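Visitor: For reference, the sequence and a predicted model appear below.
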Amino acid sequence: MGLKILIAEHNDTLRQSLRALLERRPGLEVVGETAQGPDAVKMARQLAPHLVLLDIEIPDFNAIEAIKDIATQAPEVKILALALHTDKRFVREALKAGAAGYLLKYGINEELLPAVEMVAAGGRYFSPGIDLSDSFPLKDAPLREVTFPFAKIHPHMKEAPMPNQKKVKDLMIPLEDYPHIPYWFTLRQAMAIIREAAIKFEGSFEPRSVLVFDEKYQLMGILTLRDIIKGLEPRFLKESALVKMDPSLAVLLGDLFGPNVKQESQKPVSEIMTPIKVTVNAEDPIAKAVYLMIKENVGMMPVMKDQKVAGMIRLSDLFNEISKLVLGE
């Protein structure tokens with residue numbers, strides 16, 4: 001049985017485009033559509049879709065109340081909010097009401113299918129450009145989430161124990177606070193997410209990697225800046241004369257990243273990402289995390305809690321703790 005989808009969008013042209021995009025993908029079935037907000041709740045009950053695409057900007061319509069009604073009357077139905085604006089108030093209210101994602105309309109052509117598949121699989125999807133850093137308290141944030149980037153200061157770090165007493169969980173970045181993408185995203189999409197995060201948090205957060213997940217929201221790997229560059233220039237991926245030539249690499253940038261660079265940017269990140277090599281437990285001492293990172297030569301690794309990925313620990317954060325001990329801070 002296919003994935004049944006209900007479309008509630010007041011713009012006729014966009015609604016038709018949504019249907020066309022969805023019906024091109026095998027396994028997706030549009031069971032109904034409406035331009036009227038109030039009909040969305042009634043149709044969600046009657047048609048029993050798996051997913052509702054809900055325009056939260058329908059005129060003279062309280063979309064937040066509609067999300068609450070659908071979440072209450074048909075709790076098994078996933079809701080993906082559609083909007084033009086990125087105002088934190090609307091995003092926050094949609095999430096609190098029960099939406100599983102927030103998709104910006106100007107990115108629908110590229111993002112609709114990944115968003116639908118991610119939400120239908122039990123995850124969350126938020127378009128690049130949406131800042132969720134204060135949309136809900138970290139302690140209440142759901143684990144299954146596709147979002148970026150993390151807050152400047154994590155509440156759980158404000159009253160931390162002394163460095164030599166700390167555990168991995170004290171330095172861990174919660175999973176929901178790190179840039180996420182599904183494995184079918186392209187390198188171009190990954191680069192857009194990283195750039196957007198860098199612009200929004202200039203001076204406080206410089207993203208150097210993105211987490212990659214599968215359909216079941218299992219962490220598959222990490223996509224680093226190094227991975228992306230290697231993916232854009234295939235000659236970096238294999239032994240070649242370029243690798244063995246003079247270290248000065250007197251090659252023009254245009255000769256390396258030539259006319260095919262845009263084509264190469266359409267590769268799925270699954271072909272380029274770095275697989276997960278090692279994990280650490282949230283209750284482990286930070287000394288163990290340092291040992292594992294040095295041993296496996298990695299810059300960050302997943303933190304496990306109750307056999308699930310709960311967050312990420314970075315070598316840079318561990319280095320900061322070590323420097324406090326060395327410098328007597």
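Guide: Thanks, I have it. Numbers count the residues shown, from 1 in each chain.
Visitor: ok, L225 - contacts?
Guide: 194, 208-209 (CB atoms under 8 Å, 6 or more residues apart in numbering). Every residue, glycine included, has its C-beta placed from N, CA and C.
Visitor: can you list those in a markdown table and add pLDDT, neighbour count and distance to R24?
Guide: Written out in a markdown table, the entries for the contacts of L225 read as follows (pLDDT from 0 to 100; neighbours: other CB atoms under 10 Å; distance: CB to CB, whole Å):
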| residue | pLDDT | neighbour count | distance to R24 |
| --- | --- | --- | --- |
| I194 | 80 | 23 | 29 |
| R208 | 78 | 16 | 35 |
| S209 | 84 | 23 | 32 |
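Visitor: Relative to Y178, which of the residues you listed is nearest.
Guide: If you rank those by distance to Y178 using CB to CB, S209 comes first, at 8.4 Å.
Visitor: who's in contact with the closest one?
Guide: When the contact criterion is CB under 8 Å, 6+ apart, the partners of S209 are 179, 222-225, 299-300.
Visitor: Enumerate the positions of stretch 307-316 that are buried.
Guide: For stretch 307-316, the buried set under the neighbour-count rule, 16 or more other CB atoms under 10 Å, comprises 309-314.
Visitor: and if you look at stretch 66-78?
Guide: Of the residues in stretch 66-78, those buried under the neighbour-count criterion (16+ other CB under 10 Å) are 66-71, 74, 77-78.
Visitor: Contacts for it, please.
Guide: Counting by CB under 8 Å, 6+ apart, stretch 66-78 makes contact with 37-38, 40-41, 44-45, 48-52, 54, 56, 79, 81, 94, 97-100, 119-120, all of which sit outside it.
Visitor: With stretch 27-38 instead?
Guide: Here stretch 27-38 makes contact (CB under 8 Å, 6+ apart) with 2-12, 15, 19, 22-23, 40, 43, 47, 49, 55, 58, 60-63, 66, 116.
Visitor: Please spell out the ChimeraX selection for the buried subset of those residues.
Guide: Listed next is the ChimeraX selection for buried residues among the contacts of stretch 27-38, using 16+ other CB under 10 Å:
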select :3,4,5,6,7,8,9,10,15,19,22,40,43,49,55,58,61,63,66,116
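Visitor: now, which of the contacts of L225 lie within helices?
Guide: I194 (DSSP state H).
Visitor: Which stretches in the stretch 101-250 of the chain count as helices?
Guide: Taking DSSP state H, counting those that start in this stretch as the test, the helices found in the stretch 101-250 of the chain are 108-120, 168-171, 187-200, 225-232, 241-244.
Visitor: now the buried residues of stretch 307-316 as CSV including pLDDT?
Guide: As requested, the buried residues of stretch 307-316 are arranged in CSV below (pLDDT from 0 to 100):
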residue, pLDDT
V309, 86
A310, 87
G311, 87
M312, 89
I313, 92
R314, 90
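Visitor: Let me have those in JSON lines, adding distance to V261 and secondary structure as columns.
Guide: Compiled in JSON lines, those are given as follows (distance: CB to CB, whole Å; DSSP: H, G, I helix; E, B strand; the rest coil):
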{"residue": "V309", "distance to V261": "33", "secondary structure": "strand"}
{"residue": "A310", "distance to V261": "37", "secondary structure": "strand"}
{"residue": "G311", "distance to V261": "34", "secondary structure": "strand"}
{"residue": "M312", "distance to V261": "29", "secondary structure": "strand"}
{"residue": "I313", "distance to V261": "33", "secondary structure": "strand"}
{"residue": "R314", "distance to V261": "29", "secondary structure": "strand"}
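Visitor: Please dump these into TSV; it should also carry distance to P128 for every row.
Guide: Compiled in TSV, the buried residues of stretch 307-316 are given as follows (distance: CB to CB, whole Å):
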residue	distance to P128
V309	22
A310	24
G311	21
M312	19
I313	25
R314	22
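Visitor: closest to A282 among the residues you listed?
Guide: The shortest separation between A282 and any of those is 5.8 Å, and it belongs to A310 (by CB to CB).
Visitor: Could I get the contacting residues of that closest one?
Guide: Here A310 is in contact with 143, 169, 172, 174-175, 282, 303-304 (criterion: CB under 8 Å, 6+ apart).
Visitor: which stretches of the stretch 151-300 of the chain have low pLDDT?
Guide: Within the stretch 151-300 of the chain, the stretches with pLDDT under 70 are 151-165, 197-207, 215, 234-259.
Visitor: Check the stretch 1-150 of the chain too.
Guide: For the stretch 1-150 of the chain, the stretches flagged by pLDDT under 70 are 1, 129, 131-150.
Visitor: so where do the strands sit in it?
Guide: Using DSSP state E, counting those that start in this stretch, the strands of the stretch 1-150 of the chain run over residues 3-8, 28-34, 51-55, 78-83, 101-104, 125-126.
Visitor: Parallel or antiparallel, which strands does the longest one pair with?
Guide: Sheet pairing of strand 28-34 (DSSP bridges) gives strand 3-8 (parallel).
Visitor: Ok, the last one next?
Guide: Strand 125-126 has its sheet partners listed here by DSSP bridges as strand 101-104 (parallel).
Visitor: what's the first-to-last distance across stretch 71-82?
Guide: Between the start and the finish of stretch 71-82 there is a gap of 16 Å, counting by CA to CA, to the nearest Å.
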